[in-house]
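> using only what follows, build the 3D model:
(chains A and B)
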Amino acid sequence: MGKVTFSMGGIHPHDSKFARECAIEELPLPPVVYVSMAQHLGAPAKPLVAVGDRVKVGQVIAEPGGFISAFVHSPVSGTVKGIAPRKDLAGNPVMHVEIAVEGDEWDPAIDRSRDLVTAIPDDKAAILDRIKACGVVGLGGATFPTHVKLSPPPGKVAECLILNGTECEPFLTSDYRIMIERPKEIVVGAAIMQKVLGGCRCVIGIEENKPEAVAAMRAAVTELGYADIRVQVLRKRYPQGGEKQLIDAVLHRQVGSGGLPIDVGAVVQNVGTALAVYEAVQKNIPLISNVLTVTGDKIPANLQHNYLYRIGVPLSFVAEQAGGVPDTAAKIISGGPMMGKAVSNFDAATVKGSSAILYLSEAATRRRPETACIRCGRCADACPMGLEPFLLNRLYKAADLEGLEKNAAQDCIECGCCLYSCPAGIPLLDHIRQAKGQVMGVIKARAAAAKAAAEAKKQ
Amino acid sequence: MTQTVIWTVAILAVLGLLLALVLFWVARRFRVVEDPRIDEVEKVMPGANCGGCGFAGCRAFADSAVKAANLDSHYCPVGGDEVMQKVAAILGFTVAAKAPQVAVVRCNGSCANRPVVNDYDGAASCRVKAALYSGDTLCAFGCLGCGDCVAACRFGALSMDPGTGLPVVDEKKCTACGACVKACPKHIIELRNQGPRGMREYVSCVNKDKGPAARKACAAACIGCGLCEKTCRQGAVTVTDNVAYIDFTKCKLCRECEAVCPTGAIHGVNFPKELDKEAVKQRIADRKKKEEANG
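Take a look at the predicted model:
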C-alpha cells in the first residue's frame, strides 16, 4: 500500500530532527527529585508517603485521586524530604513530593534484566490491573491514563489498535530512538494491548521521514511473527499524530464532533506508551522513566541528546548534564515547538509526559507584529479539524458563545496550524483556546443542569 | 371621463377602508400590553447600558424592577442612590441608601517593585496570558499588565500607567459597574466603599505566597506578617492565606495598620495629611504601655 495521510488541513513545517543520530543515554541521578502529583490528565494523585519515609525505586508514593487519575511511583531510592506545593514549568503551584536521592536501590519485585519476554499473560483483567498499578499514562502528549483508554465502554468494540509512531512535531526524536533501539519491546507491548482490547488488529503508523524506524519495526514484527500487526508508512504532515488525524490517515474514518475514537472502532496509543505497557506487564517496571530529547535550532551537536531520564528530575539538571543552555537560546520549550509549553521556571521538575527540552533562537521564536485579517482563508485551509479560525477569532472578540459553539470551537485540538499559517500574525490559537475553554464550560454546565433536572424528575 | 374619476376615487376609498379595518384588527389582535412605568423608569436611568446592574441594559433593568416585589436585588451602580430613589418613587417602593463604591486596584507590583524575570511575547490579553502561565514576574497573583480591565471599562475610567505598568482608576469617572472586576483574571480589582470624602484604606496586594517568596517576587508585597491584624482595634483586618484584607465596613480610617506595615502594602488614599508613621507608631506604643500598666 502507498503512503497515506489525513484528508483535511495540515501544514509542512521543516522537521528539524537534528538529534536523530543521538543514541539514548541514561541520565545520571540528581541529588534531589521532585515528583509532581499532577502529571496525568484528570484528578491529581494523593500522596501516600510522609516526610522522613525511606522509599525504593518503583515504590508507590501516591494513589489515584479519582476515576481518571493514576498511581505515581518513586523514580529513585532515598528519603522523602517534603510534600509541598512547588512551581511547575508555567510557574503555577502544584503538589510535589521531594525525595533526596540515596543510592539506587530497586523494589525487589521489579525485573531489571533486558531479556525480551514474549509470553503474554492470559488474564485480561490482570493485565489491566498491572497497567493501572504501574501508573502507565499516554506518552503522546495528553498523559491520559492508559488503563481507562484500554477499557472501552460497554457496547463499543475496538476493531483496530493504532500505534502512533508518527512523531510529527518537529525537533522531537525520542519516539524515533525507541523505535530503533527497542522495537521488539514496542511490538510486544502492542500485542498486549491487542489482547486486552479483545484481539483486534494493529497498525503502527510511522511518517516517511523515519525510514530506519519503519525498517526496524517491520523487522521486529516479522521476527516475532505477529500476523495481525502491520506497519503503515504515512506521508509527512503535521498534525498527523493527533488522534483523530491518525485515525483518518490509517482507517479513513472520521470521528464526529464531540465523539471519541472508540466510536469508529479505533484506539490510539503512542509507541512510548506501548513500551511502558510492555515494561509494566512483562517486567513489572512502573512508569518512572521516559525518553526526552534535548535539542534546538542552530545549537552545536554536542548539546543535543536523547536521554532516558527518571521522572522528577529538574529541567535545569537535565540541561546541565547536556552541556548547559546555549547562548543563542531565546526561548526554552518543554515539548515540541508546535504544542509544547514555554518554560518560565527552569527549576521545574520533569513529569511522565516530558518529551523534550527545546532551545529556540530569537529568530525562530519571535512573533510577527499583528496586522489586520485580510480573509485570505489560509487558516481555514490549514485547520485539520475543518474549522474556520478567522471566524472563531471574530466571534471570540464579540464574546458570542452561541456562535462559537455553533461553529464548533470546542473541537479545536490546539495544534497551532492556524497560527503557523496566518500571514497577519494574528494570535488565532490563543483566542480560540480561550473560546474553547468558555464553550466547554457552557457545555459542561448544561450537562450538569440536565442531569440535575433528570434526577429531580425521578424523585 | 367623470365616471373614470368617480370609479377611481370610490375604489381607492373602499380599498383604504378595508385596509384600515385589517390594520385595526391586527393592532387589536397583536397588542402588547406594556407597563407604562417601564418607560418612566428607563427615563430616569443613566442610559449607559453598561450591564453593571447585572441586566442586559437599562431597559432590561427597568422591566425587571417593575415586575419585582421589592428593589432589594436591583441596584444601579452608575446612577447610585440618586437614581434608585427616583426609581423607588415611581414604583412606590422604599430603598435603603447604599454607600457609593469605586473600583480599587489591589496590586502595587510596579516595574520598580516587581522585577520582570521573563519576556512575554504572546497575545496582548490578560486572559490569554493567565491561561498560559503565572506571568512575567515571580508573583503568580499580581497584575499581568495587558489591560483587559481598561478594554472592559465603558466609562474611560481606567488607564494603564506607562511608568508603573499598572492600571489606574479615575475616581471621578468610575461608576463601580464592576466590568473591570469581571474582566480581571487575577481578581485584583475590587469594588470598595468610596469612604468619607473619598478616604480609603486598603491592602494593595493579593499575593498568597508565604512571606519570603512574596518578598522575593515584589518589594511591595503583603508578606502576611499579621502586624496590621494585631494593631487594628476595630477587628477590620484579617490575614488569610498569607495576605491581609481590610473590611471597609469596619475600618475607622485610623491608619495605624498603614503605619506598622513593613512593606508598605497598605495604602491610604485621599487623606488630607500625609501619614507620619513614626508618630502613629509612638501613639500605638504609648497606648500599649498604658494598657499594660492598667493590667
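
> give me every residue that touches B:Gly51.
B:57, B:177, B:179 (C-beta atoms under 8 Å, 6 or more residues apart in numbering or on different chains). Every C-beta, even on glycine, is put in place using the N, C-alpha and C of the backbone.

> neighbours around residue 177, how many?
Chain wasn't specified; assuming chain A. A:Arg177 has 22 neighbours, counted by other C-beta atoms under 10 Å in any protein chain shown.

> I was after chain B.
Counted with other C-beta under 10 Å, the neighbours of B:Cys177 add up to 25.

> can you give me the distance of it to B:Gly54?
Distance from B:Cys177 to B:Gly54, counting by C-beta to C-beta, to the nearest Å: 10 Å.

> show me what counts as buried in the longest helix anywhere in chain A.
When chain A is parsed with DSSP state H, its longest helix is helix A:428-458. The neighbour-count check on helix A:428-458 (16 or more other C-beta atoms under 10 Å in any protein chain shown) flags A:428-436, A:438-439 as buried.

> equivalent analysis for stretch A:238-250, please.
A:238-250.

> go on, stretch A:68-78?
Counting neighbours by 16+ other C-beta under 10 Å, stretch A:68-78 gives A:69-78 as buried.

> any idea which of the buried residues of stretch A:238-250 is closest to chain B?
Nearest to chain B out of the buried residues of stretch A:238-250 is A:Pro239 (C-beta to the nearest C-beta; 19.7 Å).

> now do the contacts for the residue nearest to the closest one when sequence neighbours are not counted.
Closest residue to A:Pro239 apart from its sequence neighbours, by C-beta to C-beta, 6 or more residues apart in numbering or on different chains: A:Cys415 at 4.1 Å. By C-beta under 8 Å, 6+ apart, A:Cys415 lies in contact with A:238-239, A:242, A:338-339, A:384.

> farthest-apart pair in these, please.
Greatest spatial distance among the contacts of A:Cys415 (C-beta to C-beta): A:Met339 and A:Pro384, at 12.6 Å.

> follow the chain on from the strand or helix carrying A:Ala191 and name the next helix or strand.
Using DSSP states H and E, A:Ala191 sits in helix A:183-196. As assigned by DSSP H and E, the chain's next helix or strand after helix A:183-196 is strand A:201-207.

> what average pLDDT does that next one get?
Averaging pLDDT along strand A:201-207 yields 95.

> just to revisit the earlier point, which among the buried residues of helix A:428-458 are in contact with chain B?
A:430-431, A:433-434 (C-beta under 8 Å from any C-beta of the partner chain).

> between those, which sits nearest A:Ile311?
Minimum separation from A:Ile311 among these (C-beta to C-beta) is found for A:Arg433, which lies at 26.8 Å.

> need the contact list for the closest residue to the closest one other than its chain neighbours.
Residue nearest to A:Arg433 in three dimensions, not counting chain neighbours: A:Glu414, with 5.7 Å by C-beta to C-beta, 6+ apart. Residues near A:Glu414 by C-beta under 8 Å, 6+ apart: A:339, A:429, A:432-433, A:436.

> got a pLDDT number for A:Glu414?
In the predicted model, A:Glu414 carries a pLDDT score of 94.

> and it, helix, strand or coil?
Of the three states, A:Glu414 takes coil under DSSP: H, G, I helix; E, B strand; the rest coil.

> so how far is A:Tyr396 from it?
Distance from A:Glu414 to A:Tyr396, by C-beta to C-beta: 14 Å.

> and the closest residue to chain A within chain B, what pLDDT?
For chain B and chain A, the shortest gap (C-beta to the nearest C-beta) falls at B:Ser134, measuring 3.0 Å. According to the prediction, B:Ser134 has pLDDT 90.

> distance of it from B:Thr240?
Taking C-beta to C-beta, one finds B:Ser134 at 21 Å from B:Thr240.

> against A:Lys352, how distant is A:Cys383?
A:Cys383 is 30 Å from A:Lys352, by C-beta to C-beta.

> ends of stretch A:363-379, what's the gap?
22 Å (C-alpha to C-alpha, to the nearest Å).

> need the contact list for the residue in the stretch 1-150 of chain A positioned nearest to chain B.
Of all residues in the stretch 1-150 of chain A, A:Gly91 sits closest to chain B, at 3.0 Å by C-beta to the nearest C-beta. Going by C-beta under 8 Å, 6+ apart, A:Gly91 touches A:344-345, B:133-135, B:138, B:140.
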